[in-house]
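> Any chance you could fold what I've pasted below:
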Amino acid sequence: MKRLLISVAALALVALPAADVSAWGATGHRIVGMTAMRALPVELPAFLRDPAAAAEVGELSREPDRWKGAGQPHDRERDTAHFVDMIEDGRIMTEAGVSIDALPRLKSEYDAALLAAGIKVDDAGYLPYALMDAHQQLVVDLAHWRVLHAAEARETDLARRAWYREDRIRREGLILKTIGELSHYVGDGAQPHHVTIHYNGWSADVPNPEGFTTSRRTHGMFEGDFVRDHVRLQEVEAALPDPRLDETELPPRVTGYLRTTLEQVVPFYRLEKAGGFASGDPRGTAFATARLAAGAGELRDLIVIAWRLAGQAEVGWPKVKVAEVEAGTADPWIAMVGQD
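Coordinates of the predicted model:
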């Protein structure tokens, strides 16, 4: 009953009137996380498909915004994870910047490439790496859960079984936290202002032939008040794209996802110029709903892909194969509890 009450309260929160909730760091991020979790297929474990888990992820999706202000180096290193500023052809910041299609394997190499092009790392952002990092963590978390779950079901020693159960429960909390972090960055990646140099009004550093707004309130207006006042979870659920689970290689998938969002930058500014984000205009509501649905759909799919990749992983020390533990051909005790 308590878990049900928590989920009902969270559902009510995303539908509250404007005065009671915040923006795409609150309302929008909650919607992305909850929508994705509520759409998970039966292939995923029951604890992830529990309504309370959806509510929990909705709240945890806000964490990367809520941990701001911790101090240096924490803030400078983490705050730039929320965006990647691209020009129209997908290069980072300027024509001299690295292309989103040719990202180096490591973030340190990305930083070096930007610096070599005369671009400050803090100005450019590193959203693709934050997103990939969170997904890789989720694969590891789910791999541990699969081992613990399988071992707990087979273990005959009562003390060992109790330890497996306790560690599985701990892991479930960590999994929800990791999904929350992944949800935040996936959600950021669906917001056009998080993938462009035109992140808060059209940039004064480049031509503006269509006379788009240069207002510094543009970004906050869209992801804040407008989403809060006009977008509803049920409408985002109805707009979810079909699952796309065939592309499991992370770098090209993330690149494609961010490029799709980049393609929405000019349509956003055209719609803004046409008055589409005036209160009650259905065009703006449809645009925001579609963007949040794109984020929720991508998060749903990335969770499913992480679950499948976890079944092919190795975890613990000495390493143990998840598939062998699930098949009952490997004992994971030492790998899980640790051998000092």
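
> Could you look up the next helix or strand downstream of the helix or strand hosting Asp133?
Here Asp133 is covered by helix 127-154, with elements defined by DSSP states H and E. Remark: after helix 127-154, the chain's next helix or strand is helix 158-190, criterion DSSP H and E.

> Downstream of that next one, the next helix or strand is which one?
Next along from helix 158-190, by DSSP H and E: helix 218-220.

> Tell me which residues of stretch 120-135 come out buried.
For stretch 120-135, burial by neighbour count (16 or more other CB atoms under 10 Å) applies to 121, 124-135. Heads up, the C-betas are built off the backbone N, CA and C, glycines and all.

> Report the rounded mean pLDDT for the helix holding Asp133.
Helix 127-154 comes out with an average pLDDT of 98.

> about what we covered before: can you redo the buried residues of stretch 120-135 as JSON lines with distance to Asp157?
Output for those, formatted as JSON lines (distance: CB to CB, whole Å):
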{"residue": "Val121", "distance to Asp157": "51"}
{"residue": "Ala124", "distance to Asp157": "53"}
{"residue": "Gly125", "distance to Asp157": "50"}
{"residue": "Tyr126", "distance to Asp157": "46"}
{"residue": "Leu127", "distance to Asp157": "46"}
{"residue": "Pro128", "distance to Asp157": "45"}
{"residue": "Tyr129", "distance to Asp157": "42"}
{"residue": "Ala130", "distance to Asp157": "41"}
{"residue": "Leu131", "distance to Asp157": "41"}
{"residue": "Met132", "distance to Asp157": "39"}
{"residue": "Asp133", "distance to Asp157": "37"}
{"residue": "Ala134", "distance to Asp157": "35"}
{"residue": "His135", "distance to Asp157": "35"}
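
> where are the low-confidence patches of the stretch 1-150 of the chain?
1-25 (pLDDT under 70).

> what about the helices in it?
2-13, 27-38, 46-49, 51-60, 63-66, 74-79, 107-116, 121-124, 127-154 (DSSP state H, counting those that start in this stretch).

> Single out the most deeply packed of the ones you listed.
helix 27-38 (a mean of 29; mean count of other CB atoms under 10 Å).

> just checking, what packs against that one?
Helices and strands touching helix 27-38, by 3 or more CB pairs under 8 Å, 6 or more residues apart in numbering; DSSP states H and E, are helix 2-13, helix 51-60, helix 158-190, helix 227-230, helix 233-238, helix 282-310.

> Save the ones you listed as CSV, and put in distance to Arg259 too.
Converted to CSV, the helices and strands packed on helix 27-38 look like this (distance: least, CB to CB, whole Å):
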stretch, distance to Arg259
helix 2-13, 32
helix 51-60, 26
helix 158-190, 10
helix 227-230, 23
helix 233-238, 22
helix 282-310, 12
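
> quick one, which of those helices is nearest to Pro104?
Closest of the helices and strands packed on helix 27-38 to Pro104 is helix 158-190, at 18.5 Å (criterion: CB to CB).

> Please identify the buried residues of that closest one?
Using 16+ other CB under 10 Å as the test for burial, helix 158-190 gives 160, 163-164, 167-168, 171-172, 175-190.

> same deal with stretch 77-97?
Buried, per 16+ other CB under 10 Å, within stretch 77-97: 79-87, 90-94, 97.

> try stretch 313-328
Buried residues in stretch 313-328 (16+ other CB under 10 Å): 313, 315-316, 320-322, 325-326.

> about what we covered before: go through the helices and strands packed on helix 27-38 and name the closest to Leu103.
The nearest among the helices and strands packed on helix 27-38, by CB to CB, is helix 158-190 at 13.8 Å.

> right, and Glu155 touches Ala162 too?
No. Checked against CB atoms under 8 Å, the pair Glu155 and Ala162 is beyond contact range at 9.1 Å.

> rewinding a little: can you tell me which of the helices and strands packed on helix 27-38 the model trusts least?
When I compare the helices and strands packed on helix 27-38, helix 2-13 is least confident, with a mean of 50.

> Arg283 is in contact with Gly276, isn't it?
Yes. Using CB under 8 Å, Arg283 is in contact with Gly276, at 4.0 Å.

> Tell me which of the two has more neighbours.
A count of neighbours by other CB atoms under 10 Å puts Gly276 above the other of Arg283 and Gly276, at 19 against 13.

> where does that one fall, helix, sheet strand or coil?
Recorded secondary structure, Gly276: coil (DSSP: H, G, I helix; E, B strand; the rest coil).

> and it, what does it touch?
Listed by CB atoms under 8 Å, 6 or more residues apart in numbering, the contact partners of Gly276 are 283-284, 287.
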